[in-house]
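Novice: Provided below are the primary sequence and the corresponding predicted coordinates.
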Amino acid sequence: MSESGSREGAINRIRNYIDEGNFETELANRVAHRTESQKLPDSMPHLHKYLDTEMTPAFEAMGFTIKRYDNPIAGQAPALLATRIEDPSLPTVLGYGHGDVIRGLDDQWTKGDGPWVTARDGDRLYGRGTADNKAQHTMNMAAMRAVLEERGQLGFNAKFLIEMGEEAGSKGLAELVRANKPDFVADVFIASDGPRVTPERPTLSLGCRGAVNLDLVCDLREGGHHSGNWGGLLANPGIILAHAIATIVGPKGELLVDALKPPAMTASVRDVLDDIEIDGGESGPSIDTWWGEPDLTPPQRVYAANVFNVLAYSTGTPGRPVNAIPPKASANCQLRFVAGTDVDNIITVLQAHLDQAGFNMVKVTPPPAANDGMFKATRTEPDHPWAMFVRNSVQRSTNSKPAIVPSMGGSICNDIFTDDLDLPAIWLPHSYTSCSQHAPDEHVLMSVCRSALDVMTGLYWDIGAGDVPPRAA
């Protein structure tokens, strides 16, 4: 392939894009769409309009062809795939973004003129969806455009998936991809969502922890009974349930059930986490260094360990207690787990543990809407050739070593790409931990955006330069 232009030229183009205000203008147009996927069906016209008026013309201007997909689950959000094939022999990069946002919370917004109008305050650019995820896919699209303008071609094949239902759980997306699998065939998945470990440090996230929710229920009898007349005679389910939970997780947050513990940490995972510090940001809470697995560092606890949490606990009449021994206690619990953990039989395993510990009156059950509480764990190994290629490209663009997170602490639909499409998956987040992404006053930092645009433009240029990992058979 003949080379025209230069890497530096492409990066200069993307710097002009942000310095001349084009990034803010483009993002403002996209933030203005009230794409609240949690308000279906009322928001459905806004979801379609975002694909029609923002994504389709932007991709078509870069020489992509567009295919729209209705969701296979009735009433759920649509998706779009933009495809540009320059040469079938070239590697194909699959990208991703989501154009939907969390509820606007208009009445709680304190910056500018509300969530649907971007507002600049120093380094911060406010607006619903700025951090999650409109700014992030806008930057990646702009970086591709800069490479096209400088080189005249990408030098690789590109596919870009935009879904409109991520904030509602990506319902139907896995079924959509499986039903149209040839459309999504690629060599590597590279996308952006979530925060960097610190604002100033570019980050590679190579997977995500999974999550499974379950209920622990101790239901002993019908109705409450006077605590004076029956106290000491009737077992208290609230106390029993508390002791049962104490056999699962210790007083400092450590897991006590072997079957819930993660597989041994690999050397490559341990190596990359030795280089990371946790920074909660200016408005984040202080880390409780004494909490969690005792032999692990804070980065290992959140990026490479399993954690059992109680999300809600109820017994009696909270907020309006009466002098009665309650008949029932329940706790909604969650296990966050890393790739390689066997959770297929978690309810059976946990019930057997409680029975053996003498708490057979406590039952383990799936919560209502169990499917909404289950996410798979995924991970691309840090020493995978594509992970190493991206790391080296980012280091070249920033002249500094990027942070590498084996599994982001939260969960996302990454298993669609790693399991269903069998791709190495690499996320380069362009936000930071204090961005208020699901709260009022969501924002991005312009300094992070400027860095991210350099990183993505350099990465797309390097992929197109041809010295990439060998293609799989």
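Specialist: All right, it came through fine.
Novice: Can you check the pLDDT for the residue of the chain positioned farthest from its centre?
Specialist: Within the chain, the residue lying farthest from the chain centre (C-alpha atoms, centre = their mean) is residue 229, at 51.9 Å. Residue 229 carries a pLDDT value of 94.
Novice: Just give the nearest non-adjacent residue to the most centrally placed residue in the chain, would you?
Specialist: Among the residues of the chain, residue 412 comes closest to the average C-alpha position under C-alpha atoms, centre = their mean, at 4.1 Å. Among residues not flanking residue 412 along the chain, residue 208 sits closest, at 5.2 Å (C-beta to C-beta, 6 or more residues apart in numbering). (Glycine included, C-beta is placed from N, CA and C.)
Novice: show me the residues around that neighbour that make contact.
Specialist: By C-beta atoms under 8 Å, 6 or more residues apart in numbering, residue 208 lies in contact with 375, 377, 378, 407, 408, 410, 411, 412, 414.
Novice: you'd agree the residue farthest from the centre of the chain is in a helix?
Specialist: Yes. Counting by DSSP: H, G, I helix; E, B strand; the rest coil, residue 229 is located in a helix.
Novice: if we can go back for a sec, may I ask which of the contacts of residue 208 has the most neighbours?
Specialist: For the contacts of residue 208, the largest number of neighbours (other C-beta atoms under 10 Å) sits with residue 414, at 29 neighbours.
Novice: now the helices for the stretch 1-150 of the chain?
Specialist: With DSSP state H, counting those that start in this stretch as the criterion, the stretch 1-150 of the chain has helices at 7-19, 22-31, 44-50, 56-60, 135-151.
Novice: got the angle between the second one and helix 135-151?
Specialist: Here helix 22-31 runs at an angle of 130 degrees relative to helix 135-151 (axes from the mean of the first three to the mean of the last three C-alpha atoms, to 10 degrees).
Novice: relative to helix 7-19, how tilted is helix 22-31?
Specialist: Going by the same axes, to 10 degrees, helix 22-31 makes 60 degrees with helix 7-19.
Novice: Would you mark the buried spots in helix 22-31?
Specialist: 23, 24, 26, 27, 28, 30, 31 (16 or more other C-beta atoms under 10 Å).
Novice: Look up how far residue 209 lies from the nearest residue to residue 375 once chain neighbours are set aside.
Specialist: Spatial nearest neighbour of residue 375, chain neighbours left out: residue 411 (3.6 Å); criterion: C-beta to C-beta, 6+ apart. Distance from residue 411 to residue 209, counting by C-beta to C-beta, to the nearest Å: 6 Å.
Novice: now swap in residue 376 and tell me
Specialist: According to C-beta to C-beta, residue 376 and residue 209 sit 10 Å apart.
Novice: Name the residue in these two with the higher neighbour count.
Specialist: residue 209 (29 against 21).
Novice: Surely that one touches residue 409?
Specialist: Yes. In this structure, residue 209 is within contact of residue 409 by C-beta atoms under 8 Å, at 6.0 Å.
Novice: now the spatially closest residue to residue 94 that is not a sequence neighbour, what's its secondary structure?
Specialist: Excluding its sequence neighbours, the residue lying closest to residue 94 (C-beta to C-beta, 6+ apart) is residue 186, at 3.8 Å. Classification of residue 186 by three-state DSSP places it in coil.
Novice: Just list the residues touching residue 186, thanks.
Specialist: Taking C-beta under 8 Å, 6+ apart as the test, what residue 186 contacts is 92, 93, 94, 157, 159, 421, 423.
Novice: how about the nearest residue to the fourth one once chain neighbours are set aside, what does it touch?
Specialist: Nearest residue to residue 157, sequence neighbours excluded (C-beta to C-beta, 6+ apart): residue 92, at 4.0 Å. If a contact means C-beta under 8 Å, 6+ apart, then residue 92 has 85, 156, 157, 158, 159, 185, 186, 187, 188 as its contacts.
Novice: Could you check how far residue 443 is from residue 128?
Specialist: Residue 443 sits 10 Å away from residue 128, going by C-beta to C-beta.
Novice: Looking only at neighbour counts, state which of those two leads.
Specialist: For residue 443 versus residue 128, the count of surrounding residues by other C-beta under 10 Å is larger for residue 128: 32 against 26.
Novice: quick one: contacts for that one?
Specialist: Taking C-beta under 8 Å, 6+ apart as the test, what residue 128 contacts is 31, 101, 102, 104, 115, 116, 442.
Novice: which one of those has the most neighbours?
Specialist: Using other C-beta under 10 Å as the neighbour test, the contacts of residue 128 are led by residue 101, with 33 neighbours.
Novice: how near is that one to residue 166?
Specialist: With distances taken as C-beta to C-beta, residue 101 is found 9 Å from residue 166.
Novice: Overlap in contacts, these two.
Specialist: Counting by C-beta under 8 Å, 6+ apart, the residues touching both residue 101 and residue 166 are residue 37.
Novice: Point out where the chain drops to low pLDDT.
Specialist: Applying pLDDT under 70 to the chain flags residues 1-3, 280-284, 369-373, 473.
Novice: Can you pull the domain assignment for it?
Specialist: For the chain, automatic domain parsing gives the domain ranges 7-208+377-464, 210-262+306-374.
Novice: buried set for stretch 466-473?
Specialist: residue 468.
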